[in-house]
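Peer 1: sequence isn't available, so here's the structure alone:
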C-alpha cells in the first residue's frame, strides 16, 4: 500500500526557527512528495555513507549524523523503493529513552535536521506518531518522521563527495610539490650560499611553516610553489662575469679586451701544452720510480738506474782494473802447476828409457 506524504497547504510553522527555516521546511516536504525511490543498486546506507563523508561541507555535526543513523535503523529496504516512503513512526518518548536523552533534545535534533533539508514530518491529525506493517514487512499506515528528503539528496551528495575527493587529491599534489620545491631550494642554497638570490630564498624558507596543515588552502600552496620555483630557476641560471655569455647569447666581453684561451687549450712554442703553475706551498717532487724508499717510506740518498737494476751497474775504471788483475793472478798459478806436471812426466819417461838401454 502506497503511503502518500501529503504536503499541507500551509506549512506548519516551527516555533523558534524563522522564515528561512520555513522555506527549507517547504523544500523538504516538496522532496518527500516527489520521492520515487532510490536508484537501482543503491541502498539507504550508501546515502548515509555519502552524508558522513560530506558532513563537514554541509556543516552537519556528529550528533545529527548519529541520530539520523538511529532513525534509519528502523526502516527496511522496501521502504526506500518506489511506491513507499521511509517513515519512522517511533514516538518521541521512545526515541529519547533509547538514545538516553530528553524529549526536548530529540525535538531539537529533528528540527536541526529539518533545517538542513534532511527530513520532514508526516503528521496525523492529532500529531501522534504511530503505524503498523503487514506480515510481509510493508508499511500499511505510518505517521512520524519522513526520511524521503534524504534520499532525494543522493545525486547532490554524490557530486559533492566526488568534488571533495578531487579537491583533496589536488591538495595532496600541491602539498607534495611544496615539499619537493622546499627541499630543492634548500639544496641550491647550501651549494651556492653566496648567490644573489640567497637572501630572498632564506627569507622565504623561514616564512614557510614546518608542517603544512589541512587548513592551508590550495591557492596558498600554489603560491608557495611558484615563489620557490622562481628562486630555483634563479639559482640554476649561470653567472655572467666578464667575457662569458649571457643566457640570451650576448657576450659580456668589454671592447678592446682579448679573450684568453682556457688553460687546457694553451700551448707553448714547442707545441706542448702548458702545465699548471707551481703551488704557493713549498714542497719537493719525488720521482718514486727512480728513487729507493726504505721501510719507513723515507727517500734514500742512493739513486738507481732508470731500469731499476742497481746490481748490474757498470763498475768504475779502478775497480775494473783491479778485477782484471785478480783474474790474471788466479789463472797464473794454474798454468804453472800444469807446466810442472808435464815436465815431471817427460823426465820420468826419459829416465825409464835410459835404464832400458843400459840393461
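Peer 2: Thanks, I have the structure now. All values derive from a computational prediction rather than experimental measurement. Residues are numbered from 1 along each chain as shown.

Peer 1: quick check: which element contains residue 145?
Peer 2: Here residue 145 sits within strand 139-146, counting by DSSP states H and E.

Peer 1: what is the rounded mean pLDDT of that strand?
Peer 2: For strand 139-146, the mean pLDDT works out to 92.

Peer 1: that one pairs with which strands?
Peer 2: Taking DSSP bridges as the criterion, strand 139-146 sits next to strand 87-88 (antiparallel), strand 120-122 (antiparallel), strand 130-133 (antiparallel) in its sheet.

Peer 1: export those strands to TSV and tack on mean neighbour count and distance to residue 145?
Peer 2: Backbone N, C-alpha and C define where each C-beta goes, glycine included. Below are these laid out as TSV (neighbours: other CB atoms under 10 Å; distance: least, CB to CB, whole Å):
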stretch	mean neighbour count	distance to residue 145
strand 87-88	23	5
strand 120-122	24	6
strand 130-133	14	11
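
Peer 1: quick one on the thing from earlier: so which residues make contact with whichever helix or strand comes after the strand holding residue 145?
Peer 2: Stepping forward along the backbone from strand 139-146, the first helix or strand reached (DSSP H and E) is helix 148-152. Contact with helix 148-152 is made by 5, 27-29, 31-32, 34-35, 37-38, 44, 47, 51, 68, 80, 85-86, 117-120, as judged by CB atoms under 8 Å, 6 or more residues apart in numbering.

Peer 1: point out where this structure drops to low pLDDT.
Peer 2: Per-residue confidence of the chain (counting by pLDDT under 70) places the weak regions at 1-24, 238-359.

Peer 1: tell me where it has helices.
Peer 2: Assigned by DSSP state H, the chain shows helices spanning 19-33, 44-53, 62-72, 92-99, 103-115, 148-152, 154-191, 198-207, 218-236, 317-358.

Peer 1: dump the residue contacts of the closest residue to residue 55 other than its chain neighbours.
Peer 2: Taking CB to CB, 6 or more residues apart in numbering as the measure, residue 55 lies nearest to residue 65, with 5.9 Å between them; neighbours along the chain are not counted. The neighbourhood of residue 65, defined by CB under 8 Å, 6+ apart, consists of 48, 51, 52, 55.

Peer 1: returning to what we had before: out of the strands paired with strand 139-146, nearest to residue 207?
Peer 2: Shortest separation from residue 207 across the strands paired with strand 139-146 is recorded for strand 120-122, at 51.1 Å, computed as CB to CB.

Peer 1: out of the contacts of residue 65, grab the one that's most surrounded.
Peer 2: Top of the contacts of residue 65 by neighbour number is residue 51, holding 23 neighbours under the definition other CB atoms under 10 Å.

Peer 1: was I right about it contacting residue 68?
Peer 2: Yes. Because the distance of 7.4 Å satisfies CB atoms under 8 Å, residue 51 is recorded as touching residue 68.

Peer 1: and for these two, which residues touch both?
Peer 2: Common contact partners of residue 51 and residue 68 (CB under 8 Å, 6+ apart): 118, 150.

Peer 1: distance of the residue nearest to residue 55 from residue 213?
Peer 2: Distance from residue 65 to residue 213, counting by CB to CB, to the nearest Å: 24 Å.

Peer 1: if we can go back for a sec, what is the nearest of the contacts of residue 65 to residue 99?
Peer 2: Distances from the contacts of residue 65 to residue 99 were compared by CB to CB; the smallest belongs to residue 48, at 17.0 Å.

Peer 1: so who does the closest one touch?
Peer 2: With contacts defined as CB under 8 Å, 6+ apart, residue 48 is in contact with 65, 68, 69, 72.

Peer 1: dump those to JSON lines, plus distance to residue 90.
Peer 2: As requested, those are exported to JSON lines (distance: CB to CB, whole Å):
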{"residue": "65", "distance to residue 90": "18"}
{"residue": "68", "distance to residue 90": "13"}
{"residue": "69", "distance to residue 90": "14"}
{"residue": "72", "distance to residue 90": "12"}
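
Peer 1: return the member of the residues you listed nearest to residue 113.
Peer 2: Residue 113 has its nearest neighbour among the contacts of residue 48 in residue 68, at 6.3 Å by CB to CB.

Peer 1: do I have it right that the closest one meets residue 118?
Peer 2: Yes. Using CB under 8 Å, residue 68 and residue 118 qualify as a contacting pair, with a distance of 6.5 Å.

Peer 1: report the set of residues contacting both of the two.
Peer 2: Both residue 68 and residue 118 are in contact with 51, 147, 150, where contact means CB under 8 Å, 6+ apart.

Peer 1: now the residues you listed as CSV including distance to residue 183?
Peer 2: As requested, these are exported to CSV (distance: CB to CB, whole Å):
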residue, distance to residue 183
51, 40
147, 51
150, 47
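
Peer 1: ok, now which ones touch residue 218?
Peer 2: Going by CB under 8 Å, 6+ apart, residue 218 touches 167, 170, 171, 174.
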